[in-house]
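Undergrad: model this:
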Amino acid sequence: MFTKFKKNNQIIFIDKNLNTNIQEGNLVDIVLSPRHYWVRVFTLPVSSVRDAQKLLPSLFEEFLPEGNFSYYCYFNEENKLIAFAYEDKYILELLEKNGIALSIVNSVRFIQTELDENDLPIRLDDDFALIKEKEILIAVPKSFVKSPKEIDFSNKKLSSHVINVQKSSLIDNKSAYIISALILFFGFLYLFEIYFTNTAIEKISKKKENIYKKYKLLSTTMQNKAILDKYKKIHKNQTKYREILAKAFSLRLVADEYLDSFKLEKGVVVFRFLHVKNKNKIISAFKKYNPKIDYKDTTLKVEIKL
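TA: As a prediction, the model looks like this:
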């Protein structure tokens, strides 16, 4: 058993029991003894971890007791598959038994991935030591090993092999109850939101129906939009027509000049001025409307399209 510091994280090795104190304020990296997982070496006709992962349940089937297992694997330098099986529930119970709060767990990993040949053999406890046999770390009686070393991670860089039993999975009973309560709470909120939304939609639909009846609107939005566009165009033309008439009636004509007639015919306003001596003055008054001009024998005809 041991406790060492590394990058402000306290490394905790768990064999049968935890015989060390966790220092307050530290996160911990958990390293599991071989007693807490299963490991095997396979040679498979696959090259990717993803493909290998799919095969692990069947490969471990005959070696595992009854339980709900998760799996982890990687290829070593000889392209052999190092595969692990572990139980999330068992590891959670192991952490709880050793008084390790889930909120301080930074990672969980196997000792198999953290030691190399130069580290072995290592004393596991008073009775057993760790050795490597056919790529796998195993526990053997300490009497079989000559001068086993003490476990020391003080100058050891931890590997990248972290299993999924970490923050996303490490949910204790209290947390589970809280999460369940939150799910129920937001579920009720969602149901209330649906109810109030449906009530509001019903009220709006009723108001819409009353408006349609009151103003004798057509049944579809497209039809009503077409009517609205039509009346907008009529309003625009009428506004322009009044503006043009106001311009014509406000003209200051010289002696003998006068507006003889005006009419609106097929969207075109037609003015006829008689005895016009200065046509440019009248034409300039309508310039912005792009008028069509006809001038003969002092008679000026101005046509403006609405």
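
Undergrad: before we move on, which element is residue 164 in?
TA: Assigned by DSSP states H and E, residue 164 belongs to neither a helix nor a strand.

Undergrad: any idea of the pLDDT on it?
TA: Residue 164 carries a pLDDT value of 81.

Undergrad: any stretches of this protein with poor pLDDT?
TA: 1-8, 17-20, 166-176, 219 (pLDDT under 70).

Undergrad: walk me through the domains of it.
TA: As given by automatic domain parsing, the domain ranges for the chain are 3-169, 179-217, 230-305.

Undergrad: what about the strands in the protein?
TA: Taking DSSP state E as the criterion, the chain carries its strands at 3-6, 9-14, 27-32, 38-42, 70-75, 81-86, 105-110, 122-123, 128-133, 136-141, 258-265, 268-274, 292-296, 299-305.

Undergrad: in JSON lines, list those along with mean neighbour count and distance to residue 218.
TA: For glycine as for every other residue, the C-beta is placed from the backbone atoms N, C-alpha and C. What follows is the strands of the chain, written out as JSON lines (neighbours: other C-beta atoms under 10 Å; distance: least, C-beta to C-beta, whole Å):
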{"stretch": "strand 3-6", "mean neighbour count": "15", "distance to residue 218": "76"}
{"stretch": "strand 9-14", "mean neighbour count": "21", "distance to residue 218": "72"}
{"stretch": "strand 27-32", "mean neighbour count": "21", "distance to residue 218": "69"}
{"stretch": "strand 38-42", "mean neighbour count": "16", "distance to residue 218": "73"}
{"stretch": "strand 70-75", "mean neighbour count": "18", "distance to residue 218": "63"}
{"stretch": "strand 81-86", "mean neighbour count": "21", "distance to residue 218": "69"}
{"stretch": "strand 105-110", "mean neighbour count": "21", "distance to residue 218": "67"}
{"stretch": "strand 122-123", "mean neighbour count": "16", "distance to residue 218": "87"}
{"stretch": "strand 128-133", "mean neighbour count": "18", "distance to residue 218": "85"}
{"stretch": "strand 136-141", "mean neighbour count": "15", "distance to residue 218": "81"}
{"stretch": "strand 258-265", "mean neighbour count": "12", "distance to residue 218": "29"}
{"stretch": "strand 268-274", "mean neighbour count": "18", "distance to residue 218": "31"}
{"stretch": "strand 292-296", "mean neighbour count": "12", "distance to residue 218": "38"}
{"stretch": "strand 299-305", "mean neighbour count": "18", "distance to residue 218": "31"}
